[in-house]
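*Asks:* predicted model follows, preceded by the sequence.
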Amino acid sequence: MPNSWRDHILQAFAPQVARLTLVADPDGLLIEEGILQELQARGYALLTWNDPVAFRFTYETAYRTRWDQNEATEQGLILRTEAEDLHALPYDVIQAGRHLTFTLGHLFPNLSTPVVAALSRSEFDALFRAQHQHHPGKLGDNATKDFILRYVFEMTQELIKAPSGLLRVLLRRHYRAQHIPAILDERFIQLLQRDARFQEWPLERIVPDREAFFGFLQERWPHFVRCWLRQRSPSHGAETALELAAEPALGYTGPTVLPFDHDDVRVYIDNLFLEGYLKPYATADHGLHLEHTDLPEWLSVGLRIDPEADRMRRVEGLLASMAASIPSAEARHHDWFAFAHRWAELLAVWHQLSPAAQPPLTQRFQEVREHVDCTFLTWVQQRYGGLHNLPAAQPAMLHHIPRYLAHELDTPGVGKVALVVLDGLACDQWVVLREILGQQRPQLHYQEAAVFAWIPTITSVSRQAAFAGKPPVYYPGSIHRTDKEAALWSQFWSDHGLSQPEVAYARGLSQGSGLSHVEAALTHPKVRVIGLVVDAIDQIVHRMTLGTAGMHNQVRQWATEGFLARLLDLLFDHSYAVFLTSDHGNIECVGGGRPAEGAVADLRGERVRVYPDPALRAQVQARFPDALAWPALGLPENYFPLLAPGRSAFVQEGVRIVGHGSITLEELIVPFICIERRGP
């Protein structure tokens, strides 16, 4: 048995076997994360044929000219097309390269190809193992769905014998943020609905929708707590309060009380509250006066009893969870996205602690953070280089977002799309914003994901990528400024079939006066796509002297003023599907010395310096040996970044600032949020 499905593909790519390889790859097998990393390790670069002009620019300047001059190149080139054959490629390229084809039918010959094609490529490992272990015969669509549900996702309807079993399956799926294709969710729901025990459950909502499932649990939690306490009321003296308090209303159908105390369910409960998926029940608000010492740990974590003590317990729990679950240097990028969510929750609650409460945990916090920084940097150096080639169906990087939005615009029922870029917003600051928005607009719902910014994590590189839909190498003329964003945004949508009047863009938004300009654009009858830059967070970053805690306070204050809530109101009132992201995050850092360049750097950032040639960069690096000379991954020629190491900055030694430009989790992974308005 082959070690994995990747072996079938990689055996065709021995090192230096060919300098140009053309691949028909209609199922996107070559752009799976593990394949990309191994191809890179074997000395291959990969381009996808989707923009003839961009391809010709790269091919001619980086490859063909050098080959014609018999100049040695370190990399072979793979040109892949999503078509089933190579006929659409340029004739000169077809003549010059060897030809290969890879399809799902060759990898999974006994399974329904349309069903398998709906899977994330990360699920192919489990499917490939199951295929060889269980030797299925030729399966049709439904049989393939059942096979995948059983052996890939462990979602087997006949083994679900009670509500606790269904909750266990859904908790495992949604806690891990597993992406399961709609055709498999529909099949699973169909099978569950045959069971009378689940016919009243809102399966169509809570099976596919992560937020809906956690909302379902959230509104059941108070009922469970009250029921649990009522059964034990003599020990708590809470009989009267329990009887007098009104039962919380339910917005989802199904049973009122769920078996949160079942062993299969309880194991998830503490993490759900620690990581912010569920909110604790404020017992004092309902006349219940409890002590944590009277309650089991798994229950007390879901109760708000003493705000400062609750925050302290949550920090302790998150620190323990973080230390035990830092992704390895071999992890997939989705693992780091999930970790970044939990890390953001930790940072948000850490900076809510009073200064007096932090010292007992400060050393532990710093130790965990140093471990995170070290492991993440190692991962980035090994894996980041292949991310830009991943498919945009689940965006991994900022430049994937426009292609994702183009797909959304083609979705039935979606007539308009808005991209709101909060310049400089880190994931932990999104947690602060989300809390305020929840108070101001409780009808808003969030599907939270994340993407990688571009390195260096500065606006002129990363924000332009979010509007251009391309890596920075394709906009060299504006790499040091941002005044071409509107043109790049318009060009992207022109390439995807929209006319100029259908596309709008506005920047410099932070105060109420900017809303009139946005409203004028939204009321234009032809506009279908709008890109908006809100720069309030970045302004706070560049004048912040009080570190991350000060950032959180200022972000909270800005959010309280209501500009973002009113901007979202405008977009929803004009029927836009709304997506929010950031171009980079920020961190609190300390000065390690300011380079005194003999030659002028193209960019003198606090966390990054950029030089026009490697020799100048090397001169400065000799005086800052811990600084990182970042390779030109996806960057233009003559653009050579020198990144500040760790959590230091190129400013006066010992000076504390908030900055961005280098590589930390907080700078590089940014929010990507789909925001919906439901109800009145």
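*Replies:* Noted; the coordinates are in hand. Numbers count the residues shown, from 1 in each chain.
*Asks:* contacts for stretch 266-274, please.
*Replies:* 171-172, 175, 214, 217, 260, 278-280, 297-299, 301-302, 314, 317-318, 321, 345 (C-beta atoms under 8 Å, 6 or more residues apart in numbering). C-beta coordinates here come from the backbone N, C-alpha and C atoms, glycine included.
*Asks:* pull out the buried residues from that stretch.
*Replies:* Neighbour-count burial for stretch 266-274 flags 268, 269, 270, 271, 272, 273, 274 (criterion: 16 or more other C-beta atoms under 10 Å).
*Asks:* just the buried ones from the contacts of stretch 266-274?
*Replies:* The buried subset of these (16+ other C-beta under 10 Å) comprises 171-172, 175, 214, 217, 260, 278, 280, 298-299, 301-302, 314, 317-318, 321, 345.
*Asks:* need the next SSE after the longest helix anywhere in the chain, C-terminal direction.
*Replies:* Criterion DSSP state H: the longest helix present in the chain is helix 359-383. The helix or strand immediately downstream of helix 359-383 is helix 401-409, counting by DSSP states H and E.
*Asks:* would you put the C-alpha positions of that next one in PDB?
*Replies:* Output in PDB follows, covering the C-alpha atoms of helix 401-409 (Å, rounded to 0.1, in the frame of the first residue of the first chain):
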ATOM      1  CA  ILE A 401     -10.300  37.100  -0.500                       C
ATOM      2  CA  PRO A 402     -11.300  38.900  -3.700                       C
ATOM      3  CA  ARG A 403     -11.600  35.600  -5.500                       C
ATOM      4  CA  TYR A 404     -13.600  34.200  -2.700                       C
ATOM      5  CA  LEU A 405     -15.900  37.300  -2.900                       C
ATOM      6  CA  ALA A 406     -16.300  36.800  -6.600                       C
ATOM      7  CA  HIS A 407     -17.500  33.300  -5.900                       C
ATOM      8  CA  GLU A 408     -19.900  34.700  -3.300                       C
ATOM      9  CA  LEU A 409     -21.200  37.200  -5.800                       C
END
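*Asks:* so how far is that helix from its chain's centroid?
*Replies:* Averaging C-alpha positions (C-alpha atoms, centre = their mean, to the nearest Å) puts helix 401-409 16 Å from its chain's average.
*Asks:* which other helices and strands contact it?
*Replies:* With contacts taken as 3 or more C-beta pairs under 8 Å, 6 or more residues apart in numbering; DSSP states H and E, helix 401-409 sits against strand 417-422, helix 459-468, helix 485-495, strand 577-581.
*Asks:* quick one: closest of these to residue 42.
*Replies:* Relative to residue 42, the nearest member of the helices and strands packed on helix 401-409 by C-beta to C-beta is helix 459-468, separated by 27.0 Å.
*Asks:* what's the angle between that closest one and helix 401-409?
*Replies:* 20 degrees (axes from the mean of the first three to the mean of the last three C-alpha atoms, to 10 degrees).
*Asks:* helix or strand with the lowest mean pLDDT in the chain?
*Replies:* helix 239-244 (a mean of 48; mean pLDDT, DSSP states H and E).
*Asks:* that helix: what's the following helix or strand?
*Replies:* Using DSSP H and E, the helix or strand that follows helix 239-244 in sequence is helix 263-274.
*Asks:* next one: that following helix to chain centre, how far?
*Replies:* Remark: helix 263-274 is offset 23 Å from the chain centroid, using C-alpha atoms, centre = their mean.
*Asks:* strand partners (parallel or antiparallel) of whichever helix or strand comes after it?
*Replies:* Using DSSP H and E, the helix or strand that follows helix 263-274 in sequence is strand 281-282. Partners of strand 281-282 in the sheet, by DSSP bridges, are strand 303-304 (parallel).
*Asks:* who's in contact with the helix or strand following the partner strand?
*Replies:* Moving toward the C-terminus from strand 303-304, the next helix or strand (DSSP H and E) is helix 307-324. Counting contacts by C-beta under 8 Å, 6+ apart, the residues outside helix 307-324 that touch it are 270-271, 273-275, 280, 292, 300-301, 303-304, 339, 342-343, 345-346, 349-350, 352-354, 357, 361, 364-365, 368, 371-372.
*Asks:* quick check: end-to-end length of stretch 410-417?
*Replies:* The first and final residues of stretch 410-417 sit 10 Å from each other (C-alpha to C-alpha, to the nearest Å).
*Asks:* swap in stretch 86-105?
*Replies:* End-to-end distance for stretch 86-105: 18 Å, by C-alpha to C-alpha.
*Asks:* report the buried residues of it.
*Replies:* In stretch 86-105, the ones that count as buried by 16+ other C-beta under 10 Å are 86, 89, 93, 96, 97, 100, 102, 104.
*Asks:* now stretch 632-644
*Replies:* Those would be 633, 634, 635, 636, 639, 640, 641, 642, 643, 644, for stretch 632-644 by 16+ other C-beta under 10 Å.
*Asks:* now the strands for the stretch 501-650 of the chain?
*Replies:* 503-509, 529-534, 577-581, 587-591, 603-604, 608-611, 628-629, 640-643, 648-649 (DSSP state E, counting those that start in this stretch).
*Asks:* residues touching the last one, excluding its own?
*Replies:* Spelled out, it's strand 648-649. Under the contact criterion C-beta under 8 Å, 6+ apart, strand 648-649 has outside partners 589, 590, 591, 592, 606, 607, 626, 655, 657, 659.
*Asks:* just the third one next, same as before
*Replies:* Under the contact criterion C-beta under 8 Å, 6+ apart, strand 577-581 has outside partners 398, 401, 405, 408, 414, 416-422, 451, 466, 568, 571-572, 670-676.
*Asks:* many thanks, have a good one.
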